[in-house]
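J.: What shape does this take:
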Amino acid sequence: MDSHSSRGGKAKATKRKIPEENVKGKKAATRSSTSSQGGKADAKKRRVLFEDVKDKKEKKEVECVLIQNKMKRQDWKSLSKFTHLAELYIMDQDLSEGLPPVLHTLNTLKVLSLGRCKIKAIPKSLASLRGLTEFQLFTNDFSEGLPEAVCGLTSLTTLKIYDNKLTDLPDGLSRLTQLKDLDISINNIENVPNCVFTFKNLKKLTIDSEKLKIDKEILSLPHLTKIELKGHQPRVVRGHKDIRKFCEYPGRSSAQSSQHNSGKQIALELEACHLPLQAINRYQNL
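T.: All right, here's what the predicted structure looks like:
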């Protein structure tokens with residue numbers, strides 16, 4: 001009897017209900033755990049400041065880093081610890097004496113941006129970044145020509161080389177057969193470089209509205225559907241039909257020649273390019 005009752009007591013004990021507050025606590029803990037995991041996933045994707053990533057484990061998880069404060073030589077070396085880095089944005093550094101050697105070892109990079117860094121040369125070793133699909137190289141000094149190393153980045157689909165004092169592009173750039181988006185605005189280029197006509201996958205071309213001359217030869221690019229013009233008369237020309245009209249009558253704005261795009265759409269395009277507000281307002285009420 002005693003043993004039976006004791007076994008029954010045990011059985012009852014196993015069926016004892018967990019107090020409601022404990023259940024709530026467990027659910028809350030689960031939600032907290034889930035949200036923290038989600039937070040970690042978001043942290044990987046969002047752009048974080050280099051100096052804010054100090055934990056070794058976090059360095060192995062972060063995928064997108066922004067460097068905008070002045071870096072020391074030893075700081076550059078620590079970039080090698082970011083083993084899953086996919087996007088790296090470097091701004092306002094003095095790299096006039098050369099790029100940090102660690103850059104060409106970051107084989108996981110998909111996007112590399114070097115802006116306002118006083119760069120005059122790029123080592124050939126950078127071409128070892130075979131997985132790089134987007135290269136932003138703006139507001140530097142390439143008055144002596146674009147470095148040949150850029151021609152070796154054959155996986156690029158986006159190349160933004162605006163505001164670099166360029167007068168032409170090297171023929172070797174024709175090796176970038178996958179290029180879809182090219183920005184060569186705010187330079188000293190007066191005619192479309194020959195290599196541009198070899199970019200058969202090019203969809204978007206950004207140029208100066210005043211300096212660079214475009215003729216009908218640009219129509220040989222089968223996928224080119226958008227030309228952005230920056231300068232005192234910014235415009236967006238979309239579609240083969242409008243591009244043809246633009247080549248024939250370059251003085252006409254896209255708003256005048258296009259039958260498919262309203263002024264508001266053009267204003268949105270200009271806003272996306274971070275152009276001055278007065279330029280956007282020109283088309284807002286069309």
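J.: Provide the secondary structure category for the closest residue to Pro222 other than its chain neighbours.
T.: Excluding the flanking residues, the one nearest Pro222 by C-beta to C-beta, 6 or more residues apart in numbering is Lys200, at 6.4 Å. Yep, even glycine has a C-beta here, placed from its N, CA and C like the rest. With DSSP: H, G, I helix; E, B strand; the rest coil as the basis, Lys200 sits in coil.
J.: Phi and psi next, for Lys200.
T.: Dihedral pair for Lys200: phi -70, psi -20, per degrees, to the nearest 10.
J.: what element comes up after the strand or helix carrying Ile90 heading to the C-terminus?
T.: When elements are assigned from DSSP states H and E, Ile90 belongs to strand 87-91. Scanning forward in sequence from strand 87-91 by DSSP H and E, the next helix or strand is strand 111-115.
J.: And that next one, what's buried?
T.: Across strand 111-115, burial judged by 16 or more other C-beta atoms under 10 Å covers Val111, Leu112, Ser113, Leu114, Gly115.
J.: circling back: need the pLDDT of the residue nearest to Pro222.
T.: Model confidence at Lys200, expressed as pLDDT, equals 96.
J.: for it, what are its contacts?
T.: Counting by C-beta atoms under 8 Å, 6 or more residues apart in numbering, Lys200 touches Thr177, Leu221, Pro222, His223.
J.: Could you do Val102 as well?
T.: Contacts for Val102 were tallied using C-beta under 8 Å, 6+ apart; they are Trp76, Lys77, Leu79, Ser80.
J.: Quick check: the first one is in a strand.
T.: No. With three-state DSSP as the criterion, Trp76 is assigned helix and is not in a strand.
J.: The closest residue to Lys226 other than its chain neighbours bridge partners, please.
T.: Spatial nearest neighbour of Lys226, excluding adjacent residues (C-beta to C-beta, 6+ apart): Lys204 at 4.5 Å. Beta-bridge pairing for Lys204 (DSSP bridges): Asp181, Lys226.
J.: about what we covered before: now the contacts of Lys200: which count as buried?
T.: Neighbour-count burial (16+ other C-beta under 10 Å) applied to the contacts of Lys200 gives Leu221.
J.: can you redo the contacts of Lys200 as CSV with secondary structure?
T.: As requested, those are exported to CSV (three-state DSSP):
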residue, secondary structure
Thr177, coil
Leu221, coil
Pro222, coil
His223, coil
